[in-house]
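Student: Give me the fold of what follows.
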Amino acid sequence: MPTPRANDIEMAYAERGAGAPVVFVHGTLQDQRYWEPQMASFGERYRAIALSLRHYWPAAWDGEGDDFTIDRHVADVAAFARALGAGPIRLVGHSRGGHIAFRVAEQFPELLRAVVLAEPGGELGAGFAASRPGPQGAVADAVRLIRAGETEAALRVFTAYTGGAGAWESRPESRRQISRDNARTLLGQIDEKRLPFARASVQGIRVPTLLVGGADTQPQFTAILDAMERDIAGSRRVTIANAGHGMSADNPAAFDAAVLAFLDAA
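Tutor: Next up is the predicted model:
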C-alpha cells in the first residue's frame, strides 16, 4: 500500500482494520505507539490509523531546523487526510495532538466527519477569563535539562506538568521508553508557535465534537474542556473514570467505548 505523503514527507503510521478511517494524533513526547491500546477495538469497526507526527519516532531527530511548529503539524495532518482519498475522516487528538486536531477542525472543517478532543493542550486566550499556565514553562525547564545532558530529569519535569507529582515514576516502563525516544522533540517544541485558544475560534467550530477528559486529570486541562463545552455548539463531553491526562492508556476500555459510541453516531 502506498504511504500517504504529507507535504514534503512520508508520515510513519500504524494501522488496523478496514473501512472508514479514524486517524489518531498523539501528544508531546509520544508517537504512534501511544495509541496501541485503541488499535484492536477501533480496528474492528474502522480503519484505525495512528500517526507519528513529523520528527517523532521512528525518526531520530537532532532538534535542528525550523519546521517543528503547530502550523506545520496541522498542515501535515490535513495533507495526510487528503492523501487517504477516503472523504472526510474521523480525527482523534490527545493533548498537543488535541490542539492540532482542534486547529484542523478550525482551518479545514471540510476534511472532517467528526473530531474528538482528548484534553487538548494549550491555554485559553482572547475572550476568556484568565487562563491557567500553558505547557511552555514546563517545556523550557525540560529543555534546559536536556541540553545539560539530564534527559531523565527533563522527562520527569514535563510529566509532572501533565500528570502531577510522581507521574513519571508511576508510568509503565513501556510508556517511559516512548517518551525517551521522543525527548529531543522538546527542543523543537520550545518555539512551536502555539497560539492560545481564542474564544472566537472555539465558537467557530462546526464539526461534530466530542470532548474527553480524565476524572483525575490536572486543572489546566479541565479549564480548557469547560470553556470548549460552553462554546462549541452541540459538543458532547465525557469523563473517563479512574484516569488522568493519559485517559486512553489509563482506562482504555472506558475511553474506547465512549469514543466509538460517538463516532458511530457521527
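
Student: where do the strands sit along the stretch 101-250 of the chain?
Tutor: When assigned using DSSP state E, counting those that start in this stretch, the strands of the stretch 101-250 of the chain occupy the ranges 112-118, 209-214, 236-240.

Student: The first one pairs with which strands, parallel or anti?
Tutor: Looking at strand 112-118 with DSSP bridges, its partner strands are strand 89-94 (parallel), strand 209-214 (parallel).

Student: how about it: buried residues?
Tutor: Going by neighbour count (16 or more other CB atoms under 10 Å), the buried part of strand 112-118 is 112-118. C-beta: built from backbone N, CA, C; applies to glycine.

Student: Give me the contacts around it.
Tutor: Strand 112-118 is touched from outside by 20, 81, 87-95, 98, 101-102, 104-105, 205, 207-213, 228, 247-248, 255, 259, 262-263, 266, with contacts defined as CB atoms under 8 Å, 6 or more residues apart in numbering.

Student: Which among those residues count as buried?
Tutor: 81, 88-95, 98, 101-102, 104-105, 205, 207-213, 228, 247-248, 255, 259, 262-263, 266.

Student: sorry, back to before: okay, the strands of the stretch 101-250 of the chain in CSV with mean pLDDT next?
Tutor: As requested, those are exported to CSV (pLDDT from 0 to 100):
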stretch, mean pLDDT
strand 112-118, 98
strand 209-214, 98
strand 236-240, 98
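
Student: closest to A183 out of these?
Tutor: Proximity to A183 (CB to CB) singles out strand 112-118 among the strands of the stretch 101-250 of the chain, at 22.3 Å.

Student: out of the buried residues of strand 112-118, what pair is the most spread apart?
Tutor: The farthest-apart pair in the buried residues of strand 112-118, when distances are taken by CB to CB, is R113 and A118, at 17.1 Å.

Student: which one is the residue nearest in space to the middle of the chain nearest to, not counting chain neighbours?
Tutor: The centre of the chain sits closest to G97, judged by CA atoms, centre = their mean, with a distance of 2.0 Å. Using CB to CB, 6 or more residues apart in numbering and skipping residues adjacent in sequence, the residue nearest G97 is V25, 3.5 Å away.
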